[in-house]
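> here is a sequence together with a model predicted from it:
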Amino acid sequence: MNVRFITYLRCMKRFKKEGSEGQEPTKAELAVLQVLWQHGPSTVRQVHDALNEGREAAQYTTTLKLMQLMTEKGMLSRDESSMKHVYSAVLEEKGTKGQLLNRFVDTLYHGSVGNMMVALLGNEKTSEKDLQQLRDLLDKMEKKKSS
């Protein structure tokens, strides 16, 4: 069983049970959301299989409980109109990722996107393709400012 996955489930009690507004998903919840964002509405079995692809498998019941808790928190919705319950993400991908990115930048780089970019570009994983995409983005931003 995936020990990290179990640890995140145990830590979920710390998180507020308010609506989805402003609520940040845990790492385990984010993994479920990623599957639903990529594949669309899915059953627990489909999400479970996608999460465990190429990894040491967590128990099906662990995935089920996580998705039930996410539904209670307002992160997922459940369609019970057929025998198989189908879950959908309530949290939008772009907004959730933006919120997580903002918190990351605030926490690790004191709110400076520039410092984060310098750190990212200074590592060995930056490809020529990445650099070209950044040049294109900067050019596009410059054109908008001068318009």
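Ah, there it is. All values derive from a computational prediction rather than experimental measurement.

> need the contact list for the residue nearest the centre of the chain.
Nearest residue to the geometric centre of the chain (Cα atoms, centre = their mean): L30, 3.7 Å. Residues in contact with L30 (Cβ atoms under 8 Å, 6 or more residues apart in numbering) are T96, L100. Backbone N, C-alpha and C define where each C-beta goes, glycine included.

> from the middle of its chain, how far away would the longest helix seen in the chain be?
Longest helix in the chain by number of residues (criterion: DSSP state H): helix 128-146. On the basis of Cα atoms, centre = their mean, to the nearest Å, helix 128-146 sits 26 Å off its chain's mean C-alpha point.

> contacts for that helix, please.
Contacts of helix 128-146 (Cβ under 8 Å, 6+ apart): L121.

> okay, now the domains of this structure?
Split into domains by automatic domain parsing, the chain comes to 3-89, 112-147.

> got CSV for the ones you listed, with mean pLDDT and distance to G98 too?
Formatted as CSV, these follow (pLDDT from 0 to 100; distance: least, Cβ to Cβ, whole Å):
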stretch, mean pLDDT, distance to G98
domain 3-89, 81, 11
domain 112-147, 88, 12
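
> among those, which comes closest to L101?
domain 112-147 (9.2 Å; Cβ to Cβ).

> stretch 50-59: which residues count as buried?
The neighbour-count check on stretch 50-59 (16 or more other Cβ atoms under 10 Å) flags A50, L51, N52, A58 as buried.

> just give me the closest of the residues you listed to S127.
For the buried residues of stretch 50-59, the nearest to S127 is A50 (27.0 Å; Cβ to Cβ).

> S77 belongs to a helix, doesn't it?
No: if the criterion is DSSP: H, G, I helix; E, B strand; the rest coil, then S77 is strand and not within a helix.

> show the contacting residues for it.
Taking Cβ under 8 Å, 6+ apart, we find S77 in contact with T71, Y87, S88, V90.
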